[in-house]
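Visitor: What follows is a predicted protein model with its sequence.
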Amino acid sequence: MSLNIGESESNESPTTAPEDLLTHAECERILVKACGMECKLQLIDYLLTPAENANGYLGEYYHLLARYNVAESDENKNLTDGREMHELRAFVKRVPQASAEAEKEAIFRKEATLYETLLERLRRYSTVAWSPRCYYTRDDFIVLEDLEEIGYALYPKVDTCIPDNYLHQVLRALAALHAASFALEHKEGVCIGNIYKQLGEEITVSERVPWYTTGLRAIRALVKSQLETQPISARESIEARFAVAVEGVYSMTNVSSHYRNVLCHRDIWRGNIFFSDSPSTTPNSVLFVDYQTARYCPPAIDLIYVLFMNLDKATRKAKETQYLRFYYDYLQRDFVANGFTQTDVPLSYSDLLASYREFQPFGLLYRAIANTILNVPREIVTNYYVQVERTDMVLKLMDELPEFRKCLEEQICEILQFLSEESC
């Protein structure tokens, strides 16, 4: 599920019956993609049912069950008696119908295009899997392998931090995704950002996005509140640096002219990470879902998102260097696997560290803003709260919820600490 939450109310029932969303011919195409072309497939029937426990801002979700027979090469395709019945289960994401808007439809088309084209191309250069297989897309429809059916699940605990062993899996998969981007450009002589113009569209960190600007106003109010006891000159100086930092963040997720750029997922938090410990899958396998916010930008942006959104401050500060080194070591291995030599490695560790430091304000601000959505009671997260006015309610919740107050105050203090260090 994307963090770009625009409405918390449950979607209304779709006006189109589930069985009418896919044609028989489309379902046959899904079978061919899922099962391969080595055998003859005969689709018997299929059923689409709403996914009860899945919901999100940019999609309606369904489970697909398709039953089919497999014909041997010397069999008549129409002779189905006695053949073993097989089942394919898939996960379906549909453009939201209850609140259809041109902007949401464009975002959905972007994700569908990425699944159908770019992600497929990148998988050819990947040493490990990092996204689910895509069986079929339309502008309003995405059909993916059902991850729960093959042993994947979201991280089950509501902990402040994702544990070390899980986070290492995330960083390993992220290194494979980024290395595949470098390899595709190197071997095919293309620029991903030029081919996929959709990656230039920002849908979260933007002055045009109400959920972000509304949250930013709340964070600005908290920053000013924390500075009330400071001398006027110090307060004005830090507030001015905060304003500069806020403006700077808007460009951090764009294509960089200074650092190398890759496909960045840009939304890797626990709600979009599926882990597997199943013997039937690759050990320690991780898959990322939801690519609506993907951009073509420096890989440090993804690293910042992962570490800031999935760890508390103490853990991140204590293990930050270790995690960055772990990621880069695997990135180098994947470079070698894709034919890069030591002299033509496209990203140095020093550049990675420099960009990670430079883009810190992105992580600091985004985490604090997201906290005002993710760590408050669900009934609070209305359209008005998200898109119109959040500041007064955030202040009220800080008085009522000690843990929320503690977390948000820590994040504001870290923002102020960073601004103070920048002035030195």
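Guide: Arrived safely. Numbering: from 1, shown residues only.

Visitor: in a strand, that's where Ala34 is, yeah?
Guide: No - counting by DSSP: H, G, I helix; E, B strand; the rest coil, Ala34 is not part of a strand but helix.

Visitor: what about it, neighbour count?
Guide: 19 (other CB atoms under 10 Å). Every residue, glycine included, has its C-beta placed from N, CA and C.

Visitor: is it true that it touches Ala90?
Guide: Yes - Ala34 is in contact with Ala90 according to CB atoms under 8 Å; the separation is 7.1 Å.

Visitor: can you list the weak-confidence ranges in the stretch 101-250 of the chain?
Guide: 159 (pLDDT under 70).

Visitor: Where do the helices of the stretch 151-300 of the chain begin and end?
Guide: 164-188, 192-195, 210-226, 232-252, 300-310 (DSSP state H, counting those that start in this stretch).

Visitor: The stretch 301-424 of the chain too?
Guide: Under DSSP H, counting those that start in this stretch, the stretch 301-424 of the chain gives helices at 313-337, 349-358, 360-374, 383-387, 391-400, 402-422.

Visitor: average pLDDT for the first one?
Guide: This predicted structure assigns helix 313-337 an average pLDDT of 96.

Visitor: So which bits of that helix are buried?
Guide: Buried residues in helix 313-337, counted by 16 or more other CB atoms under 10 Å: 313, 315-316, 319, 323-324, 326-328, 330-332, 334-335.

Visitor: again with the fifth one
Guide: Judged by neighbour count (16+ other CB under 10 Å), helix 391-400 contains these buried residues: 391, 393-394, 397-398.

Visitor: what's next to it, contact-wise?
Guide: Contacts to helix 391-400, defined as CB atoms under 8 Å, 6 or more residues apart in numbering, come from residues 217-218, 221-222, 372, 376, 380, 385, 404-405, 408-409.

Visitor: can you give me the angle it makes with helix 210-226?
Guide: Relative orientation of helix 391-400 versus helix 210-226 (axes from the mean of the first three to the mean of the last three CA atoms, to 10 degrees): 60 degrees.

Visitor: distance between helix 391-400 and the chain's centre?
Guide: Centroid separation between helix 391-400 and its chain, computed with CA atoms, centre = their mean, to the nearest Å, is 28 Å.

Visitor: May I have that helix as PDB, with CA atoms only?
Guide: Extracted as PDB, the C-alpha positions of helix 391-400 are listed here (Å, rounded to 0.1, in the frame of the first residue of the first chain):
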ATOM      1  CA  THR A 391      -2.000  20.800  12.500                       C
ATOM      2  CA  ASP A 392      -4.600  21.200  15.200                       C
ATOM      3  CA  MET A 393      -5.500  17.500  15.400                       C
ATOM      4  CA  VAL A 394      -1.800  16.600  15.500                       C
ATOM      5  CA  LEU A 395      -1.300  18.900  18.500                       C
ATOM      6  CA  LYS A 396      -4.400  17.400  20.200                       C
ATOM      7  CA  LEU A 397      -3.200  13.800  19.600                       C
ATOM      8  CA  MET A 398       0.200  14.700  21.000                       C
ATOM      9  CA  ASP A 399      -1.600  15.600  24.300                       C
ATOM     10  CA  GLU A 400      -3.600  12.500  24.300                       C
END
